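3D model of this:
(one chain, ligands or ions: 1)
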Amino acid sequence: MSELVLKSCQGAVGVLTVNNPPVNALSPGVPEGIAEFAGDGTIEAVVLIGGGRTFIAGADIREFGKLTAAGDRERGPGLEGVLEKIENSGKPVVAAIHGTAFGGGLETAMACHYRVMAAGAQVGQPEVKLGLIPGAGGTQRLPRLAGVAKAVEMCAGGEPVKAAEALAAGIVDRVAEGDLLAAAVEMAREVAGKAPRRTRELKEKLGGDWEGVFAAAREGARKKQRNLIAPLAAIEAVEAAVKLPFDEGIRREAALFQDCLFSEQSKALIHVFFGEREVAKVPEIPKDTAAMEVKTAAVVGAGTMGGGIAMVFANAGIPVLLKEMDAEALERGMATIRRNYENSVKKGRFSPETMEQRLGLIRPVLTFDAFHEADIVIEAVYEGLELKKKVFSELNTVSRREAILASNTSTLDIDALGEATSRPEKVIGTHFFSPANVMRLLEIVKGQKTSKETMATAMALAKRLGKVGVLVGNCRGFVGNRMFGPYRREAQFLVEEGAAVEAVDEALYEFGMAMGPLATGDLAGLDVGWRIRKEFGDAADTSVRQPLIEDRLCEMGRFGQKTGEGWYRYDVQRRASHDEKVDRVIAECRKQAGLTARAIGAAEIVDRTIYALVNEGARILEEGIAGRAVDIDMIYVTGYGFPAYRGGPMWYADTVGLRKVYERVAEFEKEHGRLWTPAPLLKQLAAEGGTFAGWRAERRAAG
Ligand code: NAI
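You can find the predicted model right below:
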């Protein structure tokens, strides 16, 4: 037997320990070990347990990528074939579950005859989160143990289940409060000598009419897991468990699993899964770079962003000073923070004690007196270069020499802020997204002189704060907002050219964006972009077409949701409706631009806006503002509501095919002029048949 599986005996109970870190993937030795015990006259029952921190935690996700890369749709019996051997064993097998038994781990446990679970363990079928369904009998055995409704919920929703709930549902037979192995051995002794209870043979929980459950689950999935195919496939597979004999159900599950495995959605979701880990490993920061430990932080400005950022620190257990200009603004800021926390308590996210604890970590101040305590200061005052430079020069004198000075600016030049201090190597951008305590993205912006230590500290801090930190270069709007500019510009142009406001938002919502681009503008505040455009003098550039409508809406005081009017009109509950006043503005702007309205379909709306993202993304890559295509993808998936199942804008372009994308961009250039000049990198990769995802690797190989 392989060393990956250790065999020992406790009297008449044989114990198999799977020892295959990190996930304890089910190794070939297990069915052989069980067969060996079965042939051993002194053994009457078997316990299967994981070595180290967990039971079999699930499949090695890299294996999925290898399967699809090989293009081989014909699989052998796979894991299910192995599990059938366990289930068919003549002697009872008890699974002892600790840590996490997800995916293939839970499927293995369910192929055993009995299950004992440690009190702190979790089980689940999270495959759906990677665009997959359980592929080794999970959809067939789970309804037999937990009932149809619970199985649908777990396989289509993917959420983990804790011990008490697993016991109540019938997924496990016992929860061990003390020593897990002892409890499992005890159970094995009780069932020793009896005929094994095979999950596949259980029928009691399958009987009844489940049509209503399936229909409701499908409706729920269509709403909450918009456009996703895996949840629907999972529901269909569980339905097969009810309607077909076990073996046929297994075949149905296998076919559905294969469809999901080879789907673009699953490949994209797996790309995002690894992308999140990949962006944390920045090639330009040497591995041995020492990050400074952040023990205390300070935030300047207690407005929308500053207040949220202070909460992020408090949530991570880091004490934070929060400074404002005057008592009134400070009180307002603190009141908002308290209200946010109270809402979380109301929703049951945490206890009132936790809330008080977190509030206790936020120290409101009106002076810089205590700023020497802070290891990092984050500036979140109004957007304006002169104001921010002044604040940075003050921070330079009031902060400790070693402290990092960071800015939450969304567009301004980090180098200019560094110049305002005597420590540009300690200056960096930490661009949080609104609401800062909710959004996972943290764009970390390096200046020319920012040191590797400062970058490493910011990256490590992002992780501690529970954020996805992505390191980017310094330019107007950095990566996220720089790309969002052309995207939202095209949305406005489409309206000027004849598309209805609702049609533009609807097309991108259907594409999978969390929200349409015009509604997003209303939510974020149209004035934000308007002020930035004014600061940079955009409208004065007459060499290219300028979007007209939003500037006009802002001149009318229509800033979006906060003023009750923007692209839409909003009622007190912030529900949007069409506004004829906007139609008039559009008509005027159309005239001013010398356009006649034409019919524009959803496909053109999507191509114009999404390819605007892609073309700008290609320039950003080429300039090195983003190091890798995956950095851009993660920024868009975690910060801009880009659908994870499309993998991010660059991944999406790769799946469309860069030649096709290039040709469309070139067409737009002919129609709309130089705003659409194809990025040289897009042109090059299209000609070479390359991809954005593979670009770095190819370049490294070549150079
Ligand atoms: P805000 O207007 O809500 O808050 C700014 C706060 O800073 C105000 O409460 C003001 O009293 C305070 N302040 C101004 N000067 C100060 C000083 N010298 N000392 C102490 N406090 C001072 O603005 P918001 O939206 O929070 O934006 C802050 C920064 O975050 C800006 O640079 C903005 O571009 C950036 N940002 C904003 C996002 C958003 O969605 N609102 C998203 C990402 C970044």
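
okay, CA-based contacts and neighbour counts for the rest of this
OK.

same for the strand or helix carrying residue 443, what does it pack against?
Using DSSP states H and E, residue 443 falls within strand 441-446. Judged by 3 or more CA pairs under 8 Å, 6 or more residues apart in numbering; DSSP states H and E, the packing partners of strand 441-446 are strand 427-432, helix 452-464, strand 468-472, helix 629-639.

all helices of the stretch 51-200 of the chain, in order?
Using DSSP state H, counting those that start in this stretch, the helices of the stretch 51-200 of the chain run over 61-70, 78-87, 104-111, 138-146, 148-157, 163-169, 180-191.

The strand holding residue 443 pairs with which strands, parallel or anti?
Its sheet considered, strand 441-446 pairs with strand 427-432 (antiparallel), strand 468-472 (parallel) by DSSP bridges.

Distance to residue 199, mean neighbour count and mean pLDDT for those - can I get that in a markdown table?
Output for the strands paired with strand 441-446, formatted as a markdown table (distance: least, CA to CA, whole Å; neighbours: other CA atoms under 10 Å; pLDDT from 0 to 100):
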| stretch | distance to residue 199 | mean neighbour count | mean pLDDT |
| --- | --- | --- | --- |
| strand 427-432 | 49 | 29 | 98 |
| strand 468-472 | 41 | 26 | 98 |
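
Select, out of these, the one closest to the ligand.
strand 427-432 (5.4 Å; CA to the nearest ligand atom).

Convert the C-alpha atoms of that closest one to PDB, please.
What follows is strand 427-432, C-alpha atoms only, in PDB (Å, rounded to 0.1, in the frame of the first residue of the first chain):
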ATOM      1  CA  VAL A 427       4.300  57.200  -0.300                       C
ATOM      2  CA  ILE A 428       1.800  54.900  -2.100                       C
ATOM      3  CA  GLY A 429      -1.800  54.800  -3.300                       C
ATOM      4  CA  THR A 430      -4.300  52.600  -1.500                       C
ATOM      5  CA  HIS A 431      -7.400  53.000  -3.600                       C
ATOM      6  CA  PHE A 432     -10.400  51.500  -1.800                       C
END
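
could you give the angle of it to helix 452-464?
Orientation note: strand 427-432 sits at an angle of 20 degrees relative to helix 452-464 (axes from the mean of the first three to the mean of the last three CA atoms, to 10 degrees).

Briefly note if strand 427-432 comes near the ligand.
Yes. Judged by CA under 6 Å from any ligand atom, strand 427-432 and the ligand are in contact via 431, 432.

Can you add distance to residue 71 and give the strands paired with strand 441-446 back as JSON lines?
Listed next are the strands paired with strand 441-446 as JSON lines, based on distance: least, CA to CA, whole Å:
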{"stretch": "strand 427-432", "distance to residue 71": "40"}
{"stretch": "strand 468-472", "distance to residue 71": "32"}
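
Contact partners for residue 612?
By CA atoms under 8 Å, 6 or more residues apart in numbering, residue 612 lies in contact with 483, 486, 487, 490, 676.

Phi and psi next, for it.
Note on residue 612: backbone dihedrals following degrees, to the nearest 10 are phi -70, psi -40.

try residue 321
Torsion angles at residue 321 (phi, psi; degrees, to the nearest 10) stand at phi -90, psi 140.

Was I right to think it contacts residue 297?
Yes. The pair residue 321 and residue 297 passes the contact test of CA atoms under 8 Å, sitting 6.4 Å apart.

Tell me which residues are up against stretch 12-27.
Outside stretch 12-27, the residues that reach it (CA under 8 Å, 6+ apart) are 3-9, 30, 33-34, 37, 42-52, 54-60, 105, 185, 188-189.

buried stuff in that stretch?
Neighbour-count burial for stretch 12-27 flags 12-20, 23-27 (criterion: 16 or more other CA atoms under 10 Å).

ok, of these, which one's closest to the ligand?
residue 23 (38.0 Å).

part of a helix, is that closest one?
No. Counting by DSSP: H, G, I helix; E, B strand; the rest coil, residue 23 is not part of a helix but coil.

Against residue 102, how distant is it?
Going from residue 23 to residue 102 by CA to CA, to the nearest Å gives 10 Å.

Residue 693: what secondary structure?
Classified using three-state DSSP, residue 693 is helix.

Distance check, residue 80 against residue 258.
14 Å.

That should have said residue 200, apologies.
In terms of CA to CA, residue 200 sits 22 Å off from residue 258.

who has more neighbours, those two?
residue 200 (21 against 18; other CA atoms under 10 Å).

The more buried one is in contact with residue 144, isn't it?
Yes. The pair residue 200 / residue 144 is scored as a contact, 7.3 Å apart, by CA under 8 Å.

Okay, strands next: where are they in the stretch 301-450 of the chain?
For the stretch 301-450 of the chain, the strands defined by DSSP state E, counting those that start in this stretch occupy 320-323, 362-365, 376-379, 404-407, 427-432, 441-446.

can you redo those as a markdown table with distance to residue 207?
Below are those laid out as a markdown table (distance: least, CA to CA, whole Å):
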| stretch | distance to residue 207 |
| --- | --- |
| strand 320-323 | 57 |
| strand 362-365 | 56 |
| strand 376-379 | 60 |
| strand 404-407 | 61 |
| strand 427-432 | 51 |
| strand 441-446 | 46 |
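
Go through these and name the closest to residue 391.
strand 376-379 (7.9 Å; CA to CA).

Show me what the closest one is packed against.
Short answer (3+ CA pairs under 8 Å, 6+ apart): strand 376-379 packs on strand 297-300, strand 404-407.

what about the ones you listed, which gets the closest to residue 511?
Here strand 404-407 is closest among the helices and strands packed on strand 376-379 (CA to CA), at 33.5 Å.

Any idea how far the closest one is from the middle of the chain?
In terms of CA atoms, centre = their mean, to the nearest Å, the centre of strand 404-407 is set 26 Å apart from its chain centre.

Use 449 as the first number for this chain going forward.
Understood, numbering begins at 449; the last thing we discussed is strand 852-855.

Give the other helices and strands that it contacts.
strand 824-827, helix 833-846, strand 875-880.

thought residue 573 was touching residue 601?
No. Between residue 573 and residue 601 there is no contact under CA under 8 Å: 9.7 Å.

The two: which has the busier surroundings?
residue 573 (30 against 17).

The more buried one: what's it in contact with?
Listed by CA under 8 Å, 6+ apart, the contact set of residue 573 reads 550, 551, 554, 581, 582, 586, 602, 603, 606, 607, 608.

Kindly report the residues of this structure close to the ligand.
Residues of the chain lying near the ligand (CA under 6 Å from any ligand atom): 748-754, 771-773, 777, 828-831, 839, 856-858, 879-882, 972.

tally of neighbours for the nearest residue in space to residue 905 that is not next to it in sequence?
In space, and not counting its chain neighbours, residue 905 is closest to residue 739: 4.3 Å by CA to CA, 6 or more residues apart in numbering. Using other CA under 10 Å, the number of residues around residue 739 comes to 16.

Residue 652 too?
Look at residue 652: counted by other CA under 10 Å, it has 11 neighbours.

Model confidence at it, what's the number?
We have a pLDDT of 96 for residue 652.

Identify the bridge partners of residue 855.
residue 827, residue 877.

Check whether it really touches residue 830, as I assumed.
No. Residue 855 is not in contact with residue 830 according to CA under 8 Å; the separation is 11.0 Å.

Have a look at the two and say which one is more surrounded.
Using other CA under 10 Å as the criterion, residue 855 and residue 830 rank with residue 855 on top: 26 against 13.

about what we covered before: now list whatever residues contact both of residue 471 and residue 550.
Counting by CA under 8 Å, 6+ apart, the residues touching both residue 471 and residue 550 are 504, 505, 506.

so what pLDDT did the last one get?
Looking at residue 506, its pLDDT is 80.

Hmm, it is touching residue 551, no?
Yes. If you go by CA under 8 Å, residue 506 and residue 551 touch, sitting 4.9 Å apart.

low-confidence ranges in this protein?
Of all residues in the chain, those with pLDDT under 70 make up the ranges 449-450, 475-476, 520-525, 1145-1151.

who touches the closest residue to the ligand within the stretch 1049-1151 of the chain in this structure?
Taking CA to the nearest ligand atom, the ligand has its nearest neighbour within the stretch 1049-1151 of the chain at residue 1087, 10.3 Å off. Contacts of residue 1087 were listed using CA under 8 Å, 6+ apart, and they are 881, 887, 888, 889, 928.
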